[in-house]
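[1] build me a model:
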Amino acid sequence: MPVHVLGVRHHGPGSARSVALALDELAPDVVVIEGPPELEQVVPLLADPATTPPVAGLVYDVAHPRRSSFYPMAAFSPEWVAIRWALRHGVPVRFADLPARNDLALAAADAAEPADPGAVRQDPVAVLARTAGYADPERWWEDAVEQRHDSAVERFAALATAITEVRRDDPGLSDEHNERREASMRQVIRSVAAEPAVVAVVCGAFHAPALDPATFPSAAADARRLKGLPKTAVAATWAPWTSARLAYASGYGAGVESPGWYQHLFDTWAAGDATPEATVAEHEVASSWLVRVARTLRDERLDAAPASVVDAVRLAESLAAVRGRPSVGLDELTDATRAVLCDGSDLPLAVIAKRLVVGEDLGTVPASTPMVPLAADLAATQRSLRLKPSATATTIQVDLRTDAQRARSVLLHRLLALGVPWGTPADATRTTGTFKEVWDLVWEPELSVALIEASLYGTTVLDATQARVCELADEATGLGALGALVETCLVAELPEALLRVVDALAERTAHQHDVRALLATVEPLARTVRYGNVRRTDTGRVDHLLTTVLARARVGLRAGCQALDDDLAQQTRTALESAHRGVALLADPERTRPWHRALENLVADGSVHGTVDGRVNRLLLDAGVVDSEVAARRMSRRLSVAADPSDAAAWLDGFLGGEAVLLLHDPALLGVVDAWVSGIDAAVFDDLLPLLRRTFATFSATERRRLGAHLARGTGAATPAAPPVDDDRALPAVLAAARMLGLEVAS
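    From the prediction side, this is the model:
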């Protein structure tokens, strides 16, 4: 029985075209494709018109979904072309490779062992490229294989011969894992060869010599190699893929540097004559590509005249001739674009690379594709909310005052909590404090795996998110983590999980004696209480817990701020600032007044660390609890000659807090600071200089310049008197302003 092995370059448009021509010529009865056999059960889905490439076969461990493998296919992938050919002609498709149930189990076992840094397998294509005098294997493949237009069958035979010689000269190109894969492939070929039929095998060019039946070892030898391999339960499906992910060379990527360019080549060839002897005019490839480039530049409001496109085509063809290339390639087109259409600039090329060279395509799969219930629920929710996944980054704004818009926000927050970051807040500081949110959305293929993994928590997005948050609450070791979960429950509208988190927080708070941990919990609880009505969430229990936390924090505040070293003082300062923001957010005098009294008692005698004392005094000054006269007196005491210079510098850093406005508008405070800096002893000035630079470096350049001007005039200098006003000259302007404001003007 004839077996024809078509060794290809995965995701090569020339290989895909050659496969299509070879299959038309051979008319096989069975098509065997390199890939895990588990994908055979979902092959019929690729015949559905709703399936559009790029897509990827996804096989995952049922018990551990993160253990998974993707098998991407684009429209220009030889495997995709072979599958579609077989489906159109009613020909069976078989997949031949090491079964995923073994491969994933072996990968899990190998992950537990340290990798051998010297175990690097040489690329046979790189060997052929070096032999031909090419430094870049990708360029050699494009010149020698992709751009050839001779007989498809002869092309595959010549390539198989070359790879055979490379593998014979260097047996180390293969390893144990690769030997297992090829043994599995041979077993599939033997099974289909039992029937009198023509078999076409589409595989990577490296495997072609090992899959020729004339070179097969005994079936018993292959069986021994595969005997006793570990197994795990797996499931298979199809997942949408993206052009950008095809360009990744590691992880889940396919290693295609320019999928958009390859798609253009394949589409151009497909539009031409499909006979084996046909050649595609390189002028057509170059001109159509540069027309698309010009259109993209115009979309970006850059000049790209038709005459310039003609000049660019001529330059690209000339470059190909000078460089000895068989036809115009992407390198020549890029150089011509830069020189003619971009005036030598590389900046516009970044847009062309993203939109054309790589592309922004996102594949689709039919609704009948097997998916976990959680993924099905998400798909239904996306449709109802009119949120379509896209490989292109998009920005949306949601208004929390409308039910439909708030539902979008809730879905995105739930997915974040589940570990499926389809959207990320564009402004993380305003996700709970306003009626509007801004989200950046982009769908990455890895999210399909994240969904499968998250399905262990539930069958709907709501149930899974609540279960996940409850688990995190049980595992949380600090009050800060629990406080963040309270906010998560608020924005994701998780009522059951909120009760669980509040109970856990109340229990931990009752046994918590670290005042910093209590202070860190105040702000997230306060935001939940303050903005719960925006999201229609009942926050009664959170409010009660907040009252308890604030009371315990106030009682333990003074004791918890004694005998602090520099690091602990900085942590305390951060926690105090956070708690103060939370209390201010509540705008509740019944809570604000006791909090201010606690802060005033903390700094009344100046016994705490300088950075804490300075920051608390600044908070009290801004809140109007103390006036500038009291603040200046306390500053004078902490910056006096008798005070420790390092502690004085820390106090000043805490008090100023990165803001120069206070010094600009209060000459008394500026005078105290100026006198202290001027009076620092030379012996300690060098030691204090880094601390002072850290404090004043946070001021803007304009603020530092204005401070310098104030000091140059003298901190006690009187403010220059305003020039006299000429009423007669000002009258026309006053009357005009009055008319603009709609005021009646007496004649």
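
[2] wait, is Trp439 part of a helix?
    No. Going by DSSP: H, G, I helix; E, B strand; the rest coil, the assignment for Trp439 is strand, not a helix.

[3] partner residues bridging it?
    Ile396, Pro425 (DSSP bridges).

[4] settle this for me: it is touching Leu412, isn't it.
    Yes. At 5.7 Å, Trp439 counts as touching Leu412 under the criterion of CB atoms under 8 Å. All C-beta spots, glycine's among them, are computed from the backbone N, C-alpha and C.

[5] between the two, what contacts are shared?
    Gly423 (CB atoms under 8 Å, 6 or more residues apart in numbering).

[6] which of these two has more residues huddled nearby?
    Taking neighbours as other CB atoms under 10 Å, Trp439 and Leu412 compare with Leu412 leading, 26 against 22.

[7] looking at it, that one is touching Trp422, isn't it?
    Yes. Here Leu412 lies in contact with Trp422, judged by CB under 8 Å, at a distance of 6.7 Å.

[8] common neighbours of the two, please.
    Leu441.

[9] can you list the domains in the protein?
    When the chain is parsed with automatic domain parsing, its domains come out as 3-52+71-101+123-229, 281-358, 373-457.

[10] got these as TSV, with distance to Ala236 and mean pLDDT columns?
    Below are those laid out as TSV (distance: least, CB to CB, whole Å; pLDDT from 0 to 100):
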stretch	distance to Ala236	mean pLDDT
domain 3-52+71-101+123-229	4	86
domain 281-358	28	89
domain 373-457	12	85
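
[11] and of these, who's closest to Ala270?
    domain 3-52+71-101+123-229 (7.5 Å; CB to CB).

[12] and Val745, what's its pLDDT?
    If you check Val745, the pLDDT there is 68.

[13] go on, Tyr248?
    Note on Tyr248: pLDDT of 60.

[14] and what of Val120?
    On pLDDT, Val120 comes in at 43.

[15] where do the helices sit along the stretch 301-450 of the chain?
    306-322, 330-336, 347-352, 373-385, 403-418, 446-454 (DSSP state H, counting those that start in this stretch).

[16] just the CA coordinates of whatever helix or strand Trp85 lives in, formatted as PDB?
    Using DSSP states H and E, Trp85 sits in helix 78-89. What follows is helix 78-89, C-alpha atoms only, in PDB (Å, rounded to 0.1, in the frame of the first residue of the first chain):
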ATOM      1  CA  PRO A  78      -0.400  22.700   6.200                       C
ATOM      2  CA  GLU A  79      -2.300  20.700   8.900                       C
ATOM      3  CA  TRP A  80      -5.400  23.000   8.500                       C
ATOM      4  CA  VAL A  81      -5.200  22.700   4.700                       C
ATOM      5  CA  ALA A  82      -5.000  18.900   4.900                       C
ATOM      6  CA  ILE A  83      -7.900  18.600   7.400                       C
ATOM      7  CA  ARG A  84     -10.200  20.800   5.300                       C
ATOM      8  CA  TRP A  85      -9.200  18.900   2.200                       C
ATOM      9  CA  ALA A  86     -10.100  15.600   3.800                       C
ATOM     10  CA  LEU A  87     -13.400  17.000   5.200                       C
ATOM     11  CA  ARG A  88     -14.400  18.300   1.700                       C
ATOM     12  CA  HIS A  89     -13.700  15.000   0.100                       C
END
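
[17] show me what counts as buried in it.
    Buried residues in helix 78-89, defined by neighbour count with 16 or more other CB atoms under 10 Å: 78-87.

[18] nearest to Arg225 among the helices of the stretch 301-450 of the chain would be which one?
    That would be helix 446-454 among the helices of the stretch 301-450 of the chain, by CB to CB, at 30.0 Å.

[19] who are the packing partners of the closest one?
    strand 55-61, helix 373-385 (3 or more CB pairs under 8 Å, 6 or more residues apart in numbering; DSSP states H and E).

[20] got the angle for that helix vs strand 55-61?
    With axes from the mean of the first three to the mean of the last three CA atoms, to 10 degrees as the basis, helix 446-454 and strand 55-61 are set at 30 degrees to each other.

[21] how far does helix 446-454 sit from its chain's centre?
    Put simply, helix 446-454 sits 15 Å off its chain's centre (CA atoms, centre = their mean, to the nearest Å).

[22] could you export the helices of the stretch 301-450 of the chain as CSV, including distance to Gly204?
    Formatted as CSV, the helices of the stretch 301-450 of the chain follow (distance: least, CB to CB, whole Å):
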stretch, distance to Gly204
helix 306-322, 28
helix 330-336, 23
helix 347-352, 30
helix 373-385, 31
helix 403-418, 36
helix 446-454, 24
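
[23] nearest to Ala492, out of those?
    helix 403-418 (4.0 Å).

[24] please save the CA atoms from that closest one in CSV.
    C-alpha atoms of helix 403-418 as CSV (Å, rounded to 0.1, in the frame of the first residue of the first chain):
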residue,chain,number,x,y,z
ASP,A,403,-28.3,47.9,35.1
ALA,A,404,-26.9,46.7,31.8
GLN,A,405,-23.6,48.6,32.3
ARG,A,406,-23.3,47.6,35.9
ALA,A,407,-23.7,43.9,34.8
ARG,A,408,-20.7,44.3,32.5
SER,A,409,-18.6,45.6,35.4
VAL,A,410,-19.8,42.8,37.7
LEU,A,411,-18.8,40.2,35.1
LEU,A,412,-15.3,41.6,34.6
HIS,A,413,-14.7,41.9,38.3
ARG,A,414,-15.8,38.3,38.8
LEU,A,415,-13.5,37.0,36.1
LEU,A,416,-10.6,38.9,37.7
ALA,A,417,-11.4,37.2,41.1
LEU,A,418,-11.5,33.8,39.3
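
[25] related to what we said a few turns ago, return the most buried member of the helices and strands packed on helix 446-454.
    Of all the helices and strands packed on helix 446-454, strand 55-61 has the most neighbours on average by mean count of other CB atoms under 10 Å, namely a mean of 25.

[26] what helices or strands is the helix or strand just after it leaning on?
    Counting by DSSP H and E, the next helix or strand C-terminal to strand 55-61 is strand 68-73. If contacts are counted by 3+ CB pairs under 8 Å, 6+ apart, strand 68-73 sits against strand 55-61, helix 78-89, helix 100-111.

[27] which residues sit against stretch 287-301?
    By CB under 8 Å, 6+ apart, the list of residues contacting stretch 287-301 reads 261, 264, 268, 303-304, 306, 308-309, 312-313, 316, 333, 336-337, 341-342, 348, 351-352, 355-356.

[28] host element of Trp676?
    Going by DSSP H and E, Trp676 is part of helix 667-678.

[29] list the buried residues in that helix.
    667-674, 676-677.

[30] stretch 645-660 too?
    Those would be 645, 647-657, 660, for stretch 645-660 by 16+ other CB under 10 Å.

[31] same check, this time on stretch 306-322
    Neighbour-count burial for stretch 306-322 [16+ other CB under 10 Å]: 308-309, 311-313, 315-317, 319-320.

[32] can you dump the C-alpha coordinates of it into CSV?
    Taking Å, rounded to 0.1, in the frame of the first residue of the first chain, the C-alpha atoms of stretch 306-322 are listed here in CSV:
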residue,chain,number,x,y,z
PRO,A,306,-0.2,55.9,-5.1
ALA,A,307,3.0,57.0,-6.9
SER,A,308,5.0,56.2,-3.8
VAL,A,309,3.5,52.7,-3.7
VAL,A,310,4.7,52.1,-7.2
ASP,A,311,8.2,53.4,-6.3
ALA,A,312,8.3,51.1,-3.3
VAL,A,313,7.3,48.1,-5.4
ARG,A,314,10.2,48.8,-7.8
LEU,A,315,12.6,49.3,-5.0
ALA,A,316,11.6,46.0,-3.3
GLU,A,317,12.0,44.1,-6.6
SER,A,318,15.4,45.7,-7.1
LEU,A,319,16.5,44.8,-3.6
ALA,A,320,15.5,41.1,-4.1
ALA,A,321,17.5,41.0,-7.4
VAL,A,322,20.6,42.6,-5.8
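
[33] many thanks, have a good one.
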